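Novice: Here's my sequence, what's the structure:
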Amino acid sequence: MKKAGIVGGLGPESTVDYYPTFIAKYQDKLNSKQVLPELFINSINMYNVFACISENRLNDLIEYVGDAVQKLEAIGADFIVISANTSHIVFEEVRQQTKVPMISIVEATYEKATEQGLKKVGLLGTKFTMEHDFFKKPFLDNGKEIVVPSEQDQLFIHEKIVEELENGIVNPETKQSFLAIIRTMMEEEHIDSLILGCTELPMILEEGDVDVALLNTTEIHIDKMLQQVFLSE
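Specialist: Numbers count the residues shown, from 1 in each chain. Predicted coordinates for the structure are as follows:
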């Protein structure tokens with residue numbers, strides 16, 4: 001069986017979600033609770049990632065995340081994921097530093113949007129994910145529209161992600177504010193779906209909260225991990 005490697009800690013809450021969800025989906029696939037996938041987790045510091053991006057030290061970020069990936073490869077991971085969206089700003093550069101496959105959360109989400117025939121997609125995440133092009137590029141390059149909130153709303157969402165969700169805090173008032181931002185995007189931009197482009201966002205937003213499809217990047221990414229595991233079966 002292929003062993004998964006997860007670069008975690010980006011943040012801890014989503015890393016916690018990856019672990020049991022990956023196990024549950026693996027057991028469902030084999031229809032047995034008496035089996036467990038083998039995996040490695042290398043938990044690094046999300047605040048180092050934020051600092052590198054804020055200070056435009058992307059070479060330092062490539063080195064930091066690349067080192068985490070190489071350690072997973074060295075101990076026997078057969079494929080590797082980074083359990084966060086923001087860190088994918090340097091995904092391509094990091095992927096070049098390892099010989100084992102890496103599964104991109106951005107590529108996986110784009111593929112899911114294509115499967116569902118989505119055309120105009122909203123994107124929520126950290127300010128780095130919303131203001132940079134790394135998540136938007138595959139959508140724009142292939143004729144899809146991708147929409148982010150206003151700059152003021154981006155800053156608000158980022159603050160709540162970092163101060164609350166990354167620390168395991170789910171505030172009902174924050175949820176209502178997020179829903180108001182999403183409704184504005186629906187009314188003004190006519191989005192047909194919404195990417196939860198931060199792996200902590202499913203803590204506070206779920207299917208049924210709004211009248212558009214939600215693309216849960218955490219779940220999409222884990223489903224791709226399962227596909228990779230069973231390529232060897």
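Novice: Just want the most central residue of this protein.
Specialist: Centroid-nearest residue in the chain: Asn85, 3.7 Å away (criterion: CA atoms, centre = their mean).
Novice: Quick check, that residue in contact with Glu107.
Specialist: No: assessed by CB atoms under 8 Å, Asn85 is found out of contact with Glu107, at 11.9 Å. The way it works is simple: take the backbone N, C-alpha and C, and place the C-beta from them, glycine included.
Novice: and the gap between Leu205 and Gly8?
Specialist: Distance of Leu205 to Gly8, computed by CB to CB, to the nearest Å: 21 Å.
Novice: Of these two, which one has the most company?
Specialist: Between Leu205 and Gly8, counting by other CB atoms under 10 Å, Gly8 is the more crowded of the two (24 against 18).
Novice: May I have the residues that are in contact with that one?
Specialist: Ser14, Thr15, Tyr18, Ile41, Asn42, Ser43, Ile44, Ser83 (CB atoms under 8 Å, 6 or more residues apart in numbering).
Novice: from those, which single one is nearest Glu63?
Specialist: Nearest to Glu63 among the contacts of Gly8 is Ile44, at 11.9 Å by CB to CB.
Novice: Contact partners for the closest one?
Specialist: Residues Val7, Gly8, Gly9, Leu10, Tyr64, Val65, Ala68 are the ones in contact with Ile44 under the rule CB under 8 Å, 6+ apart.
Novice: ditto for Ile6
Specialist: Ile6 sits in contact with Thr15, Tyr18, Tyr19, Leu39, Phe40, Ile41, Asn42, Leu72, Ile80, Val81, Ile82, Ser83, where contact means CB under 8 Å, 6+ apart.
Novice: what's around the third one, how many residues?
Specialist: Put plainly, it is Tyr19. 16.
Novice: what's the most distant pair in the contacts of Ile44?
Specialist: Among the contacts of Ile44, Gly8 and Tyr64 lie farthest apart (CB to CB), at 13.8 Å.
Novice: Now that Leu39 has come up, it's in contact with Lys2, right?
Specialist: No: in terms of CB under 8 Å, Leu39 does not count as a neighbour of Lys2; the distance is 9.7 Å.
Novice: how about the CA coordinates for stretch 47-67, as CSV?
Specialist: Extracted in CSV, the C-alpha atoms of stretch 47-67 (Å, rounded to 0.1, in the frame of the first residue of the first chain):
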residue,chain,number,x,y,z
TYR,A,47,3.2,31.6,11.0
ASN,A,48,6.5,31.1,9.3
VAL,A,49,4.6,30.7,6.1
PHE,A,50,2.5,33.8,6.6
ALA,A,51,5.7,35.8,7.4
CYS,A,52,7.5,34.7,4.3
ILE,A,53,4.5,35.7,2.1
SER,A,54,3.9,39.0,3.9
GLU,A,55,7.5,39.9,3.5
ASN,A,56,7.8,38.7,0.0
ARG,A,57,10.4,36.1,0.9
LEU,A,58,9.1,33.4,-1.4
ASN,A,59,12.6,31.8,-1.8
ASP,A,60,12.6,31.3,1.9
LEU,A,61,9.1,29.8,1.8
ILE,A,62,10.2,27.4,-1.0
GLU,A,63,13.1,26.3,1.2
TYR,A,64,11.0,25.9,4.3
VAL,A,65,8.2,23.9,2.7
GLY,A,66,10.6,22.1,0.4
ASP,A,67,12.5,20.9,3.4
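Novice: picking that back up, and which of the contacts of Ile6 is nearest Lys112?
Specialist: Val81 (15.3 Å).
Novice: Surely that closest one is within a strand?
Specialist: Yes: counting by DSSP: H, G, I helix; E, B strand; the rest coil, Val81 is found in a strand.
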